[in-house]
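>>> What follows is a predicted protein model with its sequence.
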Amino acid sequence: MPVKNSKPYSVMKKEKTEELFVKWIDGLLTSEEEVQLAALVKDDPGIEAGLQEMKVFGETMKSEIPGSVEPPYGDFFNSKLMRKVDLQIQSQRPAKKAERWRQSMRWAWAPAGALALVLSFFAGHRLARPADPGVAQVEKRSDRMSELPTVYFTGESLEAKVISDSLGNVSAIVVNGLSAISDDIDFVTVNTSASLPESYESSEARRFH
Amino acid sequence: MNPAIFLTLLLSFTSDLLAQDPGMEAIGSMSVQLIFATNGDPKAAGDLAKKMTGAEIKKIQAIKELKFEAYRLLGSDKPDILKGYESWATPLRPSKEILVSFQPIKRNGDEKIQMVLEYWQSKRKVFSTNPILTKGKTLFLLGPEWRKGRLILAVKIEDLKKS
């Protein structure tokens, strides 16, 4: 009987010991469990060395494995995201404007009569006056602003200057901070080993096959 | 005509039409040129680089940030602009060292398109932008240094179908 029972008991003891070890490393031991662990250490001084070793290993793992990981193909992801955002903004702009207009006008229904009276009073003056050139200029400038592109970089040390013509259309983008291409590179023969996105291969296949 | 044959033909044409992806429609073409600009010896660009016309140089020099003493055309490409897909220009073909990808976002009338335009160097995307391009009007992108000069990309909508 003692032989039969000794194996399960030792397995149970081992499991319990391991559980205590893990909790000790994570700092989650209850006071009762601390007593149990102290007894184990007292019985076998080798356990303490093992515990310290495990603690060091855990700390090393924490320092080696980053808390957050960059997603794979970050550039590709960002470009697709940017495109979606552009499309979303453009598709929602008129709807949002209309919604904002409706929201802003809701409060005005009640005093609409009074406002109409005031407006009619000033109407003659407003119609007689020439258009305010300041307002026109501001609108024109904002139109121009909306036509200038945004430049998104994949590197951190880059900067861009967008140059527009007299009509407000973009005519040049000057990008500074790009790493220089090696003078040894001959564009006729150069061939890097990295692969291109699938859309490039599809585009080439459409054009030449 | 036998109505049965007529119906069969009609169905086959309809299925063909439905099978075509409207996003694959070419709505125009884009010209992409790669130019070497330098204040030094333009021969540094190599023997295959071509001289540019006075009119072309004048157009570049109209922008003070792009003023250099000499310009050489390193290569050019003119791919189609697809309605709903990304297209690629390989101005230095067969080299893929410098590439430009582009995709229409929004059509503004018959002459303008807003594009997502991406500049690729050594098979790595360096930057992207979303300009509104006008048919026939060149957008210049001043790029990296090379052999005591700078590389300039000239991007222009060459043809554009009416919307």
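Structure received.
>>> So is stretch B:47-64 next to chain A?
Yes. Counting by Cβ under 8 Å from any Cβ of the partner chain, chain A has neighbours in stretch B:47-64: B:48, B:63. C-beta coordinates here come from the backbone N, C-alpha and C atoms, glycine included.
>>> in that stretch, what counts as buried?
Buried residues in stretch B:47-64, counted by 16 or more other Cβ atoms under 10 Å in any protein chain shown: B:49, B:52, B:56-57, B:59-60, B:63.
>>> Would you check how far apart the closest residue to residue B:42 other than its chain neighbours and chain A are?
The shortest distance from residue B:42 to any residue that is not its chain neighbour, by Cβ to Cβ, 6 or more residues apart in numbering or on different chains, is 3.9 Å, and that residue is residue B:70. Spatial separation of residue B:70 from chain A under the definition Cβ to the nearest Cβ, to the nearest Å is 17 Å.
>>> wait, doesn't residue B:70 sit right on residue B:43?
No. With the criterion set as Cβ atoms under 8 Å, residue B:70 and residue B:43 do not qualify as a contacting pair; they are 9.3 Å apart.
>>> Those two: which has the busier surroundings?
Between residue B:70 and residue B:43, residue B:70 has the larger neighbour count (other Cβ atoms under 10 Å in any protein chain shown), namely 18 against 12.
>>> and that one, what are its bridge partners?
According to DSSP bridges, the residues that bridge with residue B:70 are residue B:38.
>>> Please name the residues that touch it.
By Cβ atoms under 8 Å, 6 or more residues apart in numbering or on different chains, the residues touching residue B:70 are B:37-39, B:42.
>>> and residue A:20, what does it touch?
Residues A:29, A:33, A:36-37, A:40 are the ones in contact with residue A:20 under the rule Cβ under 8 Å, 6+ apart.
>>> what about it, which SS state?
In the three-state summary, residue A:20 is assigned as helix, counting by DSSP: H, G, I helix; E, B strand; the rest coil.
>>> hmm, back to that, ok, so of the buried residues of stretch B:47-64, who is nearest chain A?
Proximity to chain A was ranked across those by Cβ to the nearest Cβ; first place goes to residue B:63, at 4.9 Å.
>>> ok now do the closest one, which residues does it touch?
Contact partners of residue B:63, counting by Cβ under 8 Å, 6+ apart, are A:163, A:171-172, B:140.
>>> Most neighbours among these, which one?
Counting by other Cβ under 10 Å, top hit in the contacts of residue B:63: residue B:140 with 25 neighbours.
>>> Look at that one and give its secondary structure.
With three-state DSSP as the basis, residue B:140 sits in strand.
>>> Report the beta-bridge partners for it.
For residue B:140, the beta-bridge assignment (DSSP bridges) gives partners residue A:172, residue B:154.
>>> State the pLDDT value of it.
The predicted structure scores residue B:140 at 96 on the pLDDT scale.
>>> ok, it to residue A:159 distance?
Distance, residue B:140 to residue A:159, by Cβ to Cβ, to the nearest Å: 17 Å.
>>> go on, residue B:105?
Relative to residue A:159, residue B:105 is positioned 24 Å away (Cβ to Cβ).
>>> ditto for residue B:84
If you measure residue B:84 against residue A:159 using Cβ to Cβ, the figure is 32 Å.
>>> ditto for residue B:94
For residue B:94, the distance to residue A:159 (Cβ to Cβ) stands at 32 Å.
>>> The closest residue to residue A:54 other than its chain neighbours sits in which helix or strand?
What sits nearest to residue A:54 in space, not counting adjacent residues and going by Cβ to Cβ, 6+ apart, is residue A:25, at 5.9 Å. For residue A:25, the element it lies in under DSSP states H and E is helix A:2-26.
>>> Now do the same for that helix: mean pLDDT, whole number.
Averaging pLDDT residue by residue across helix A:2-26 gives 70.
>>> Which SSE is immediately downstream of that helix?
With elements assigned by DSSP H and E, the helix or strand that comes after helix A:2-26 is helix A:31-43.
>>> Dump that following helix to CSV, restricted to CA.
Extracted as CSV, the C-alpha positions of helix A:31-43 are listed here (Å, rounded to 0.1, in the frame of the first residue of the first chain):
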residue,chain,number,x,y,z
SER,A,31,0.4,34.1,3.9
GLU,A,32,-0.5,30.4,4.3
GLU,A,33,1.2,29.5,1.1
GLU,A,34,4.3,31.5,2.2
VAL,A,35,4.5,29.3,5.2
GLN,A,36,4.2,26.2,3.1
LEU,A,37,7.0,27.4,0.7
ALA,A,38,9.2,28.3,3.7
ALA,A,39,8.8,24.7,5.0
LEU,A,40,9.7,23.3,1.6
VAL,A,41,12.8,25.5,1.3
LYS,A,42,13.8,24.4,4.8
ASP,A,43,13.5,20.7,3.8
